[in-house]
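>>> Return a 3D structure for these sequence lines:
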Amino acid sequence: ETEENSMSIKSLLCTSAILATTMTAAYAETEVQWWHAMGGANGERVNKIAEDFNATQSDYKVVPVYKGNYTETMTAAIAAFRAKEHPQIVQVFEVGTATMMAAKGAIYPVEQLMKDTGEAFDGDAFLPAVVSYYETPEGELLSMPFNSSTPVMWYNKTALDAAGASVPKTWDDVKVTAQKLVDNGMDCGVSFGWQSWVMVENFSAWHNMEMGTKENGFAGFDTEFSFNNEAVAARLDGIAAMTEGNLFKYGGRRGDSLPMFTSGECGMWMNSSAYYGSIKSQSEFEFGQTMLPLDTSVADAPQNSIIGGATLWVLGGHDDAEYKGTAQFLTYLSSPEVQAWWHQETGYVPITTAAYELSKEQGFYETNPGTDTAIQQLSLNKPTPNSRGLRFGNFVQVRDVINEELEAVWAGDKNATDALNAAAERGNTLLRKFERAAK
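Residues are numbered from 1 along each chain as shown. Predicted coordinates for the structure are as follows:
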């Protein structure tokens, strides 16, 4: 009898152990889905961040899923939310901020999530120019900054030296340098990508001009566009005139013109600081980056540039265990070590002061001069209502409108004033549509 009892106890203990192991395994399978828009090398880096986090603990598993470009990823997440098949985390680009904010009930503000799950969170740890874009008027952080960038002027140092040209500081300099490059045998002087972001949004902020009323939409959805002004029009007409003799050559809406720079076709290229990794691996010449050129007919000194890139939004409708894992992952993601690594690999800016300081300590900026250009631009001056960022509804579609109108300028079909007036009018129609839907 005693032996039987002993056997029963052993069986019970054994069964309990198996059950405990099974339950632990099941608990370890608490998955956190992270939908993102990072393809290529950056997609591999995203996978590494998730894998490294998963290796630090056994309770949660972050599963990154590539969903296409920024627009496709945001569209997929909205559709999935309606079907109740949405992820915990979705990467949304900066121009989707107003749309996400207006999706009441769909989002779980990050600062609230951290508080609810007991994760330590310090809003002051983040670079002000990064977080100001994603805060409520009361200063609550809505989404977790992840890959933030700003446009810079990339230049082919080898080609500039060969042409006896200087690194440009003003738009007048850009034209002079472009002419010298072409005279010395280059196919083209300058190009740019993401033209609404670079040549309308950032041109306005850099010269402390509003792009729309109501503090660029921060003070209300009843904002109207005002980028159709003389200063922007004059600059765009000036660039259009540079198409003669290939001082300027247009190469597409997003990053399509990158090969024009890395192949040595164009000597200067204005686009995101986050092309650092691609330029480093693809170019066979010495390159550098410098601040955006100043239009001296508009301002005596630059204000600050504004960010692009994306943040991670947490979606509503999941259980507590999933949110606990989500919060722990966001803490890991924003740690100085992870952020410094991500910044140094990609050219995205470090989102926290600690990650910036760590990169300095590691000697990254000394070894790679110019890689702190983006941070310097963003932190140049305390942001004003004109340079804090943008919060326009339907802005993904508005950017397409701006692209269409600017392409008509480069093709010689419209002057800049007519194109900007048309873009503002069409854009305002989209703003009113959004305002009605957000009420």
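>>> Can you mark which positions in stretch 117-126 are buried?
By 16 or more other Cβ atoms under 10 Å, the buried positions in stretch 117-126 come out as 117, 119, 121, 126. Yep, even glycine has a C-beta here, placed from its N, CA and C like the rest.
>>> Equivalent analysis for stretch 413-425, please.
414, 416, 417, 419, 420, 422, 423, 424.
>>> Could you do stretch 139-153 as well?
141-153.
>>> and what of stretch 355-374?
Within stretch 355-374, the residues that qualify as buried are 355, 356, 358, 359, 364, 365, 370, 371, 372, 373, 374, counting by 16+ other Cβ under 10 Å.
>>> quick one on the thing from earlier: with secondary structure, distance to residue 80 and pLDDT added, can I get the buried residues of stretch 139-153 in JSON lines?
Output for the buried residues of stretch 139-153, formatted as JSON lines (DSSP: H, G, I helix; E, B strand; the rest coil; distance: Cβ to Cβ, whole Å; pLDDT from 0 to 100):
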{"residue": "141", "secondary structure": "strand", "distance to residue 80": "24", "pLDDT": "93"}
{"residue": "142", "secondary structure": "coil", "distance to residue 80": "19", "pLDDT": "93"}
{"residue": "143", "secondary structure": "coil", "distance to residue 80": "17", "pLDDT": "95"}
{"residue": "144", "secondary structure": "strand", "distance to residue 80": "19", "pLDDT": "96"}
{"residue": "145", "secondary structure": "strand", "distance to residue 80": "23", "pLDDT": "94"}
{"residue": "146", "secondary structure": "strand", "distance to residue 80": "20", "pLDDT": "95"}
{"residue": "147", "secondary structure": "strand", "distance to residue 80": "21", "pLDDT": "94"}
{"residue": "148", "secondary structure": "strand", "distance to residue 80": "25", "pLDDT": "94"}
{"residue": "149", "secondary structure": "strand", "distance to residue 80": "26", "pLDDT": "95"}
{"residue": "150", "secondary structure": "coil", "distance to residue 80": "30", "pLDDT": "96"}
{"residue": "151", "secondary structure": "strand", "distance to residue 80": "31", "pLDDT": "98"}
{"residue": "152", "secondary structure": "strand", "distance to residue 80": "35", "pLDDT": "98"}
{"residue": "153", "secondary structure": "strand", "distance to residue 80": "39", "pLDDT": "98"}
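>>> So which residues of this structure form strands?
30-36, 60-66, 89-93, 144-149, 151-156, 188-192, 266-272, 287-290, 308-314 (DSSP state E).
>>> Which one of those lies nearest to residue 328?
strand 60-66 (6.5 Å; Cβ to Cβ).
>>> between that closest one and strand 30-36, how many degrees?
20 degrees (axes from the mean of the first three to the mean of the last three Cα atoms, to 10 degrees).
>>> Adjacent strands (with direction) for strand 60-66?
Sheet pairing here is set by DSSP bridges, and for strand 60-66 it gives strand 30-36 (parallel).
>>> still on that earlier bit, who wins for proximity to residue 383 among the strands of the chain?
Minimum separation from residue 383 across those (Cβ to Cβ) falls at strand 144-149, 13.8 Å.
>>> Alpha carbons only: can I get the closest one in PDB?
Written as PDB, here are the backbone C-alpha positions of strand 144-149 (Å, rounded to 0.1, in the frame of the first residue of the first chain):
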ATOM      1  CA  MET A 144       7.000  54.700 -29.700                       C
ATOM      2  CA  PRO A 145       9.600  56.400 -31.900                       C
ATOM      3  CA  PHE A 146      11.700  53.800 -33.700                       C
ATOM      4  CA  ASN A 147      13.200  54.800 -37.000                       C
ATOM      5  CA  SER A 148      13.400  58.600 -37.200                       C
ATOM      6  CA  SER A 149      15.300  60.400 -39.900                       C
END
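>>> So what touches it?
38, 42, 91, 110, 126, 130-131, 134, 272-274, 307-312, 314, 330, 333-334, 342, 346-349, 351, 374 (Cβ atoms under 8 Å, 6 or more residues apart in numbering).
>>> can you give me the helices in the stretch 151-300 of the chain?
Secondary structure of the stretch 151-300 of the chain (DSSP state H, counting those that start in this stretch): helices at 157-163, 171-183, 195, 203-206, 213-216, 230-241, 258-262, 276-282.
>>> my bad, should have said the stretch 301-439 of the chain
Using DSSP H, counting those that start in this stretch, helices in the stretch 301-439 of the chain cover 320-333, 336-346, 353-361, 364-367, 373-378, 395-410, 416-438.
>>> ok, residue 418 to residue 291 distance?
Separation of residue 418 from residue 291 (Cβ to Cβ, to the nearest Å): 31 Å.
>>> and the residue nearest to residue 236 when sequence neighbours are not counted, what does it touch?
Leaving aside its sequence neighbours, residue 236 sits nearest to residue 416 (Cβ to Cβ, 6 or more residues apart in numbering; 3.8 Å). Under the criterion of Cβ under 8 Å, 6+ apart, the neighbours of residue 416 are 232, 233, 234, 235, 236, 237, 240, 409.
>>> Neighbour count says what about these? Which are buried?
Judged by 16+ other Cβ under 10 Å, buried ones among the contacts of residue 416: 232, 233, 235, 236, 240, 409.
>>> What is the burial count for the nearest residue to residue 362 once chain neighbours are set aside?
Among residues not flanking residue 362 along the chain, residue 340 sits closest, at 6.9 Å (Cβ to Cβ, 6+ apart). Summarising burial for residue 340: neighbours were counted as other Cβ atoms under 10 Å, giving 22.
>>> dump the residue contacts of the most centrally placed residue in the chain.
Geometric centre of the chain, nearest residue: residue 309, 0.5 Å, by Cα atoms, centre = their mean. By Cβ under 8 Å, 6+ apart, residue 309 lies in contact with 93, 94, 146, 147, 148, 149, 272, 274, 348.
>>> tell me which of the residues you listed is nearest to residue 228?
The shortest approach to residue 228 among those belongs to residue 94, at 21.9 Å (Cβ to Cβ).
>>> pretty sure the closest one is in contact with residue 313, am I right?
No: with contact defined as Cβ atoms under 8 Å, residue 94 does not count as touching residue 313 (11.6 Å).
>>> If you count surrounding residues, which of these two has more?
Regarding residue 94 and residue 313, a neighbour count based on other Cβ under 10 Å identifies residue 313 as having more, with 28 against 24.
>>> returning to that earlier point: any chance of the buried residues of stretch 117-126 in CSV, plus pLDDT and distance to residue 100?
Below are the buried residues of stretch 117-126 laid out as CSV (pLDDT from 0 to 100; distance: Cβ to Cβ, whole Å):
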residue, pLDDT, distance to residue 100
117, 97, 20
119, 97, 21
121, 94, 19
126, 92, 18
